[in-house]
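Student: following is a predicted model, sequence given first.
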Amino acid sequence: MKIKEKITAPAPPGAVKTVGSFLLAFSLLVFSQQTANATAINGDSTTILRMREGVFGDHLFPLYEYLNISASDAAGPGAISLEIGGWGRVDLGDRSFEHRTEGDIQYGYLSYRANRSNFTVSAGRQWVVEGVGTERIDGLYLRSDLIAGLTAAAYVGNPAVTQPDFDGGDLIYGGRLAHSVPKYYSVGLSALRTEVSGDGIREEEGIDLWLHPISMVDITGRSTYNSLSNGWMEHAYTASVTPTEALRFSASLQNVHYDDYFYQVTTSALSLTNGIIVPGEEMWNVGGSVGYSATKNIALSAEYNHYEYDLAGGADYYGVNGTFSTTTGLAAGASFHRMDGSNDRLRYNQYRAWATQKLGPADLTLDFFDVDFDGSIGGRENTFSLAAAAGYDFSRNLRVAADVDYIRSADFDNELRGLIKVSYAFGVGKEGK
Amino acid sequence: MKKTVYLTVMGVMLSFLYACANTTSVARVHPEEVKGLPRCAECHTDQWTALSHQTQDFYLKHKIYAAQQRDACSTCHKESFCVRCHAHKEEIKPSDKYKERPELSLPHRGDYLSRHRVEGRINPASCLKCHGRQNNERCKTCHK
């Protein structure tokens, strides 16, 4: 369903009032209790000033403020908490985005969590992760353990989405029922539905599992079915084997049917109609990796992924990665990866090397990232970025950091970016500190 | 009428199942402070050993752990931690916000704008979870 103009995070006035009432009521409950030991308020503020030049030579100095606040009271048979986080931006120089000022509430909800049965109820803007549902909603979420190892969760609300091209819906609801034997497995069945004016635009069902039959084996995965397009969207499974604490093998399998997987999105960049996402395509991605910790301070890993398609040519992605650290505060890493697609435009070598040194309250970091394309990307065959960062902890609560990034990309011959960041954490109460 | 009866029966059944469960909730706060990327196997010997953040496949598998045991994540991570990457509407990519943490598996390091022209074709499914319905307003600049 195409929309005519950009709408961000729609929420009918009624829903906003309902959620707002919940937030206000629970806030009063949290802050009216005289339980100093059990009450905690904490948060953090991060102020960021970015400095860079735009594509048209404009000078961009966006100033951001990120603020997260958490207030909780655990005096009763459970804990009531209020979680709010968001950001705001103002352009001190030329306009960096569509508007000179912008902001967003990333999350804002009140929650009650009981000491028994993992019972949780939350109201407000929140991120729900339940089986096939990985959604940000303005609404209500409920979860609890049931008898005999069963667990149930349900949610309903307005989907909090950005909609540059397509409607993301005005109602979403879903749930998950799972059975667990904690030492061995957890298997869940889940479903969700999104509607626009009563018509379904998403209907997904799935199974998710986490198996650990013996301590050295760990298997995770999920299969998702699209009941509007009547096809499997995705199967994605990963198995890990850890024969010793230092050695870990991992194998993964992913199968994606494009018609079903990209059935409903809100951006044309990922729609089946944009000419890039090929309708009818099916992808298989089979891969594996091995990780080895030679000592507690040295870690090595290698990975390989093979991509196979019904319509396009295949591709391979493989590489190695190594990191080490010392007791003197030095940590460093290096990696190499090769993307080997079906033609020169889909092939590149990627190199990375980084190092960071702690010197008491100060730290210094260098990070070099280089990509050699076999073909040309925007007229360039090599792009790189070299970042230098420094930070200083004035106290446990206050940190100031800055970085400079020199980049040669498909868009810039020489680009210099800067960033200054001031982070401050605060808290009162036993947990808050 | 039939729907009301159905919902009432479901409600009574769920209340009964909840009342009989009476399990102990996962701790709200991890009993010991954990610094840096944890190696859960240093203390745990059960299923929680899988959550060691330093393994090479943790980044790949953490979505399932979070979907199945979010309460376990919450013992150390508040919501503010998750939204550093899983944002609703974000203008700064995580790897730009945390340049001084090069050891983290943050997405889109380096000049990703050039590289996404390749990776977006190889596996566009990997883009959808973060950009399919959120964080996609800037896509329109090029993807008309």
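Tutor: Structure received. Numbering: from 1, shown residues only, chains lettered A, B, ... in the order given.

Student: and A:Tyr237, how many neighbours?
Tutor: A:Tyr237 has 17 neighbouring residues, counting by other Cβ atoms under 10 Å in any protein chain shown. Where you see a C-beta, it was placed from the backbone N, CA and C, and this is true even at glycine.

Student: next one: phi and psi at it?
Tutor: With angles defined as degrees, to the nearest 10, A:Tyr237 sits at phi -130, psi 140.

Student: swap in B:His30?
Tutor: Dihedral angles of B:His30 (phi, psi; degrees, to the nearest 10) stand at phi -60, psi 130.

Student: got the contact list for it?
Tutor: Applying Cβ atoms under 8 Å, 6 or more residues apart in numbering or on different chains, we find B:His30 in contact with B:75-76.

Student: how far away is it from B:Tyr98?
Tutor: For B:His30, the distance to B:Tyr98 equals 22 Å [Cβ to Cβ, to the nearest Å].

Student: output the below-cut-off pLDDT ranges for chain A.
Tutor: Where chain A drops to pLDDT under 70, the residues are A:1-37, A:429-433.

Student: and the residue of it closest to chain B?
Tutor: Of the residues in chain A, the one nearest chain B is A:Phe369, at a distance of 3.1 Å by Cβ to the nearest Cβ.

Student: that residue and B:Arg109 touch, don't they?
Tutor: Yes - in this structure, A:Phe369 is within contact of B:Arg109 by Cβ atoms under 8 Å, at 5.8 Å.

Student: overlap in contacts, those two.
Tutor: Contact criterion Cβ under 8 Å, 6+ apart; residues shared by A:Phe369 and B:Arg109: A:Arg352.

Student: could I get the contacting residues of the closest residue to A:Ala114 other than its chain neighbours?
Tutor: Once flanking residues are discounted, A:Ala114 sits nearest to A:Gly78: 3.9 Å by Cβ to Cβ, 6 or more residues apart in numbering or on different chains. Counting by Cβ under 8 Å, 6+ apart, A:Gly78 makes contact with A:112-115, A:119.

Student: with those residues in mind, which one is nearest to A:Gly319?
Tutor: Closest to A:Gly319 out of these is A:Arg113 (41.5 Å), distances taken as Cβ to Cβ.

Student: can you list contacts of the helix or strand the closest one falls within?
Tutor: Using DSSP states H and E, A:Arg113 falls within strand A:101-114. The contact list for strand A:101-114, computed with Cβ under 8 Å, 6+ apart, reads A:9, A:22-23, A:26-27, A:30, A:77-91, A:119-127, A:136, B:25, B:28, B:79, B:83, B:87-91.

Student: restrict it to CA atoms and write it as PDB.
Tutor: Taking C-alpha atoms only, strand A:101-114 is exported to PDB below (Å, rounded to 0.1, in the frame of the first residue of the first chain):
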ATOM      1  CA  THR A 101      15.700  20.200  14.300                       C
ATOM      2  CA  GLU A 102      14.700  16.600  14.800                       C
ATOM      3  CA  GLY A 103      14.100  14.200  17.600                       C
ATOM      4  CA  ASP A 104      12.600  10.900  18.600                       C
ATOM      5  CA  ILE A 105      11.300   9.000  21.600                       C
ATOM      6  CA  GLN A 106      13.100   5.600  21.100                       C
ATOM      7  CA  TYR A 107      11.300   4.000  24.000                       C
ATOM      8  CA  GLY A 108       9.000   5.200  26.900                       C
ATOM      9  CA  TYR A 109       7.100   2.600  28.900                       C
ATOM     10  CA  LEU A 110       6.000   1.700  32.400                       C
ATOM     11  CA  SER A 111       6.500  -1.900  33.400                       C
ATOM     12  CA  TYR A 112       5.700  -4.200  36.300                       C
ATOM     13  CA  ARG A 113       7.700  -7.300  36.800                       C
ATOM     14  CA  ALA A 114       6.700  -9.800  39.500                       C
END
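
Student: C-terminal to it, what's the next element?
Tutor: Where DSSP H and E defines the elements, the next helix or strand beyond strand A:101-114 is strand A:120-130.

Student: give me the nearest residue to A:Asn414, chain neighbours excluded.
Tutor: In space, A:Asn414 is closest to A:Arg408, 6.4 Å off (Cβ to Cβ, 6+ apart).

Student: for that neighbour, what are its contacts?
Tutor: Neighbouring residues of A:Arg408 by Cβ under 8 Å, 6+ apart: A:380, A:382-385, A:414-415, B:111.

Student: could I have the buried ones of these as PyMOL selection syntax?
Tutor: Buried residues among the contacts of A:Arg408 (16 or more other Cβ atoms under 10 Å in any protein chain shown), as a PyMOL selection:
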select buried, (chain A and resi 380+383+384+385+415) or (chain B and resi 111)
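
Student: show the average pLDDT along the helix or strand encompassing B:Cys20.
Tutor: Under the criterion of DSSP H and E, B:Cys20 resides in helix B:2-21. Helix B:2-21 shows a mean pLDDT of 69 in the predicted model.

Student: can you give me the helices for chain B?
Tutor: Secondary structure of chain B (DSSP state H): helices at B:2-21, B:58-68, B:70-74, B:79-82, B:94-97, B:112-122, B:125-131.
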